[in-house]
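> missing the sequence, but the structure's below:
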C-alpha cells in the first residue's frame, strides 16, 4: 500500500457480473476508505458494467476488465473474488503470489480438510499451503483472527445465519451438540445469476421447495465451525429450502436444552455474547425475526423459544443472504483486516417495506 | 334425504365469503352428486355472492343467505361450516338438532379434551356431547370411521400435511415418538380473508417470518392424533412460518430412526400404507415435493431423506392448504360419509405453472 | 374419425413439455369426449411425462413420444401443436397430409400475408396453400367459421384479450380505428419454459418492465383482425410489459369515442354482442376486471370507463394467458369444430385466491 | 436556524409510522447535515419507534412523540409531514405559524385551485393563503423556485414519474398536448400501511388490477403542471393499476408526435434538458427502463419508442414510489431549499437484485 494515502484501499472485484459482485459495488459506494479501481469479469470484458446492469448507470463508470493477476496487482491492493467454486481455488494462489490481499467469497477455502471439500464440492481441493493460510472470516466469532492477515475466506450464507444463531449457546454448554437440527430457507438470489429451470420465474414463483436435503455443501462448513467452538465432533441435520422471494435467509434451529434455561436466559446470554457487535440484534422474548427486517443491510437478527414440554430450544436467525451472507460480511472482514471499525461504510438501514 | 333423487345431496355452505367457503364453491361445481342450495354469510346476506367475489360471476347465481338453522334444514341435507373458531362451537349443535348433517371446517371440534381446547383456542369448549359425536375426518387415516356418520370435524391444514407425513413411520415403530420436530411453512391464504398488518401485502411480500412458535393451536391436534395412532403420549416441537405466496403448506419433519431403515425402505413403507389412496403421492428416493406441484388439487406429496450420519429421517410433506387442508378434504369426507368413491368430483390436476 | 365411438376424439399433443402442452393435459382431464392418446416432445421422448412435471404423477400415465406424423395418424384423430414459431410451420403440413386435424397454438399460421409474417417473426413463412387453409380461431368472433374445418390457427394471448375488448365497439362504429392504443401486461408464463435472464426469478421478481415496444409479433395479428372487422386499414400502438406474476394478461385499451356514448352504453353494447357466449363477462359500470378473477379459467372479463373530459374510452380486458390465451381457447375451438357446446369440459371456476 | 451549527438542520417527522415516514428515517441516516430530533405519530406516541418497526432497532433510538407544534418548534428547524390528505391541510398552517419550515408529502397543498382540490380529494381545501405560499417541489422542473422558501409541497408519486417523462417533449413543442394518455402502474406500498381488502396479501398477490380509472386524485396535479409548462389547457387520460410488488412505479405515456422526430432525437432532447441533474437517467435508444433498476434509489429512468407507422411516441418512466415518489424527493427538496447540492445524502445505488 505504498504510494497512496494511508487510509484508502484500492480494490478490484472479480466476478463483478454476479450478484455478489454487484452488491459489493453497491455497498462500497458508501465506504469512505475504499476505491474500486477495477471490475473484472471472465466472460464479458471490454464493455461498460452498466450494459449488463443498467441500475449501475451513473453509479460507476467502468468497463469490465479481464482476469489478469499482474494487471490487478498494478491497479489494486486487494481483490474480492466473487467467483464460483472451482474457479477461486485456482485464481486465488496467483493473486496472493502477485502480492495482493484477497477476500474470497466462494466456498473453495472454507473447508480445511481437502478430502472433505472434494467430497461435498466435487472439485479438486486447492493447494494445501494456500488453504492453510486462509482465515475463516465469520466476523463476530473470528474477528480477532482476521486482523492483519492477507487472505480471508468469507463464510457461506447458510453458515453465517446458522452459526451466529448456535454458537453462544453451544459455547456456553447450554445445548446438546449431538441433537442439532437446522431447517434453513433462502431467497432465490442465493442461487446466483446463472439461469436454470429451478430458478425460472414461473417454476419457483408461488412455490416452496426443499432441495439438497442433507447434501448441501454448507453442511461441512457448519460442522467444522461447530466442532471448533464446542470442542466436540458435531454432525448436523440440514434441510435447505427455496422461498419465492429474492433476498433473505432464515435458519430455524432446534436443539435439546441441557438445563432449565428460559427464553429470558437465552436473550441475556446472547446479548452478552454479542455485546458491542453492531450487526447482531437479539430480539426480545416473544418477538420473531423476519427476513424483511434485515433486507439490504448487514444485520443478523436472532430470536428464541424454549419449550419446557419438550426440553428443546428453537432459535430463529435471519440475514440478507447477499449482504451479511456475502458482500456485506466481506466488507466487514475488510474493515477488521485493516484495523478499522467493523461497521465502517456498512451502516445501511434495512429497506422496509 | 327423503324426497330427492337418490344420488344428490343438497348442501349449504356457512362462511361462504371466506376462502374456505369460496373454495368449496369452486370445487363443488365439478361434483356430480352435489347441489349447492344455499350460500350463507353472517355479515352480508341479501346480496349476490359474486358482488364480493367477482370471479364467481356466471359460475354461481345465488344471493347470500343469513344464518338460520331452520331455513337451512329446509333447503339442505348437509351443511359445511367454514366458520371461525368460537362460532362453529355454538352453531353446529343447532344444525345437528335441526336434523342436518354437518362437516365442520373450524377447529372447534377437533380437540377431544375441552380443557386443552380452551387452553390453546382461548374460547369456551363446545358442548361435551356434541364434541364427543364429532368424528375427526383425516380421510386416509380415519376413513373407515367417517362412513355413515352425521358429523365430521375436518382436520386443520398443518395437521393434515404433518400427520400424513408421520403416521406410517410412527405406526410401524420406525421413528422415535419422543423426538419429533415439525418445521411447517404456509402460504398467506391460511390466515383467512380478515385484514391485518401481518397479512398486509407490503409487509409480507418478500418476507419470510416465523410466528406462534410452539404456540400454534394445531399443536394439540397433531399431538392428539399421534398419541392415538402410536399408543404413546407424544409431544412435538412445532414452528409455523409464513411464506410469501398465496397457497401451499410444506411440513418438514425430523425424527430419530429406530433402526437402519433406508430411504427406499421408507418409500416402500409409505406406498404400501397408502395403497389405493389416490390423493397421497409418495415420491421416489431423492425427489423432493414442492407446493406448486399440488396447487389447486387435493394431493398430498411426501418425500424422504435418511441421514446415516445422524440417524435421523427428514420427511417432507406438501398440500394445498385451501384444498387438501380445508375444502377438498371436506368434500373427500362427504364422499366417504355417503359411501361414494373418495375422489368423486375431486379429480383436479394441479395448476402448473 | 371412422372406427371409433361417435363422441370421442383421440388427440395427440405436440410440445407436451411446454406450458401450453401441460395446460392442455390439465384441462382435457375434464373433457367428456376427448382421450389423450399421445403426448409428444421433440427433446425428451421415451420417459414418463411426470418425470419433468411431477405434478402430473397419478394424473396421466404416459411416456413421451417422439415427433412422427405417421405414428400420430395411427394414434390420434387430431393434433394440438403447442410448438414454437418456426417449428409448426414445417410440422403442420405433414400432419394435415397424414390426414390429421390440427389446432395450432403457435403464431405460424395467424398472419395471412407471408411477407408480413417474415418481417415480424423472422422465420420463413409457411407454405401458402396450407396457410390459406388455416382458420383463425378467435371463438367469440369467428366461431361460425371454425365449424367442420380441419385446421385451426389458435389466436395469441395478447390478441385474444385485446380483440375481445375492441371488436364490439369497433364494429359498432363507436370508436375511431385510427386512434387505438393498447397497453398490455402479461404474467411471466407467457414467455414459456425456456430459461433466460429475462425470466430468471431474481431479475423479474419485484420488477415491472416494458419490452418489445411496438415490436411485438402480436401487432400484425391484432391489426389484421381489426382491419378485417372494421373494413378499414387499422394500425395500433402496442406496448407489452412483464408483470411479476405467473399467469394473467391485462390489456388496457384507449380510443377516441365518436359520439356521446356513456359507460352504460358500452356495457349494454358488449352484453348484447356477447349474448350467449359463456366465457365473456362484461362487468358492471365502475367495476374493473382483475387478472386473478379469471385465473385458471377460460373467462375473459371486460370493463369500461368513458371520460367526457377527453372524449376517450378506456377498455380493460383480462384473461388467463395459458387458458383463454392458449390451451383453453384451443379446446373451445375443438368443441366448435366438432359441433359441440363451446364450453364442454371447460367449466373451470377461477382459482381464487 | 440560529443557535446551531451552520450546516446542520434539525428535523422532525410527522407520520413516522407510515411508509413515507420510515423511508425518511432510512434515507436521512446517510445525510451529513441532518439530525432527526423527533419522530412523531398521532396514534402511538410514547413507545420506541422500533416496537412497530423492528427493522429500525439499533438504527434509531427514539420514542414516538405526539403531535404538538410548539414542542416541534423547540426541537426542530423543519418538519416533514408524511401525513394523510385532510390531516396536513390542518396541521401545516400551525407548523408554519410556529416558525417551522415544512416539507409536506401529502397531496393537500399541490392543487392550487381549492375547488378542484375538493372535487378530487373530497376534503375541505386548506387555507388559501397557506396554499398560495406552498411551492410545488418537482425538483428537476421547479428546482429554482424552492430555493430559500419555507414551505414545499412534495409531488405525488404518479405525477413525478409522469411529469419528468412528459415535460421536455411538451416544452419543446414536440408532442400534441391534447393527445396525452398515461397508463400508470404502481407497487402496493403506494397504498400505504393502512390495511384493506385491496391490499390484503392473498387478494393482490398474483393479481394485476386497474383502479380509479380517470378518477385518481393525481389527475388534476398532472394536468396543472402540464398546463403550466405548456401554456395550454391540458387534460389527460390516466389509468392507474396495482402491480403485485412492493415498490416501484412505471408510467407508460403515449402522445402524437408533431414532426418527424426520431428516438435518437428524443434521447438527445431529454439528455440536454436534464443535463447536470443526477437523478434522471435517459436510456439509450431501444433500452427500456424497469422498476427494479431504480428500487431503493432516487433515480428516474426514462426511455422512448417512436412509431412512424402511427406517428406516436411511447415514453416509459420509472421511479421508486417511496423514494423519488416521496421521501427521497422530499430530501432532495430539503437540499435545494438549503442551497446544498441536490444529491447530498441521496447517493443510494439501486438495490439489485
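The structure has been received and is ready for your questions. Note that the structure is predicted; figures quoted are calculated from it, not measured.
> list the contacts for residue A:316?
Residues counted as contacts of residue A:316 (CB atoms under 8 Å, 6 or more residues apart in numbering or on different chains) are A:165, A:250-253, A:288-289, A:302-304, B:210, B:213, B:239. For every residue, glycine as well, the C-beta is placed using N, CA and C.
> Go again with 6 Å.
Residue A:316 is in contact with A:252, A:288, A:289, A:303, B:210, counting by CB atoms under 6 Å, 6 or more residues apart in numbering or on different chains.
> Output those as JSON lines; include the columns pLDDT.
JSON lines is the format used below for these (pLDDT from 0 to 100):
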{"residue": "A:252", "pLDDT": "98"}
{"residue": "A:288", "pLDDT": "97"}
{"residue": "A:289", "pLDDT": "97"}
{"residue": "A:303", "pLDDT": "98"}
{"residue": "B:210", "pLDDT": "98"}
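> pLDDT at the closest residue to residue A:61 other than its chain neighbours, what is it?
Distances taken as CB to CB, 6 or more residues apart in numbering or on different chains put residue A:48 closest to residue A:61, at 7.4 Å, once the chain neighbours are dropped. Turning to residue A:48, the model gives it a pLDDT of 96.
> now the one 4 residues further on
Confidence per residue is given as pLDDT, and for residue A:52 that number is 94.
> any idea what sits nearest it, other than its immediate chain neighbours?
Going by CB to CB, 6+ apart, residue A:52 has residue A:17 as its nearest residue, at 5.7 Å.
> Contacts only, for the residue of chain A most remote from its centre.
Relative to the centre of chain A, the most outlying C-alpha is that of residue A:309, 35.0 Å out, by CA atoms, centre = their mean. Neighbour list for residue A:309: residue B:235 [criterion: CB under 6 Å, 6+ apart].
> which residues does the residue nearest to residue A:61 bridge with?
residue A:63 (DSSP bridges).
> Next one: it from residue A:39, what distance?
Using CB to CB, to the nearest Å, one obtains 10 Å as the distance from residue A:48 to residue A:39.
> what does residue A:104 give?
Where residue A:39 is concerned, residue A:104 sits at a distance of 17 Å (CB to CB).
> try residue A:262
From residue A:262 to residue A:39 the distance is 50 Å (CB to CB).
> Who has more neighbours out of these two?
Using other CB atoms under 10 Å in any protein chain shown as the criterion, residue A:262 and residue A:39 rank with residue A:39 on top: 25 against 14.
> Is residue A:16 in contact with residue A:44, as I believe?
No: Residue A:16 lies out of contact with residue A:44 (CB atoms under 6 Å); the separation is 9.4 Å.
> Tell me which of the two has more neighbours.
A count of neighbours by other CB under 10 Å puts residue A:16 above the other of residue A:16 and residue A:44, at 28 against 14.
> Neighbours of the residue nearest to residue A:61, how many?
For residue A:48, the neighbour count with other CB under 10 Å is 15.
> from what I can see it touches residue A:62, true?
No: using CB under 6 Å, residue A:48 makes no contact with residue A:62, being 7.0 Å away.
> how about the strands in chain A?
For chain A, the strands defined by DSSP state E occupy A:9-14, A:34-40, A:64-65, A:78-81, A:101-104, A:135-136, A:151-153, A:181-186, A:209-211, A:237-242, A:249-256, A:280-282, A:300-307, A:312-319.
> Please list the residues of the stretch 101-250 of chain A that sit near chain B.
A:181, A:183, A:185, A:202, A:206-210, A:213-214, A:235, A:237, A:239, A:243-245, A:248, A:250 (CB under 6 Å from any CB of the partner chain).
> returning to what we had before: make a markdown table from the strands of chain A and add distance to residue B:145 to it.
Formatted as a markdown table, the strands of chain A follow (distance: least, CB to CB, whole Å):
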| stretch | distance to residue B:145 |
| --- | --- |
| strand A:9-14 | 64 |
| strand A:34-40 | 67 |
| strand A:64-65 | 68 |
| strand A:78-81 | 62 |
| strand A:101-104 | 60 |
| strand A:135-136 | 57 |
| strand A:151-153 | 58 |
| strand A:181-186 | 33 |
| strand A:209-211 | 32 |
| strand A:237-242 | 34 |
| strand A:249-256 | 33 |
| strand A:280-282 | 48 |
| strand A:300-307 | 31 |
| strand A:312-319 | 33 |
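> Looking at those strands, which is nearest to residue B:321?
strand A:209-211 (15.8 Å; CB to CB).
> got the domain boundaries for chain A?
Following automatic domain parsing, chain A resolves into domains at A:9-133, A:158-321.
> Good, we can wrap up now.
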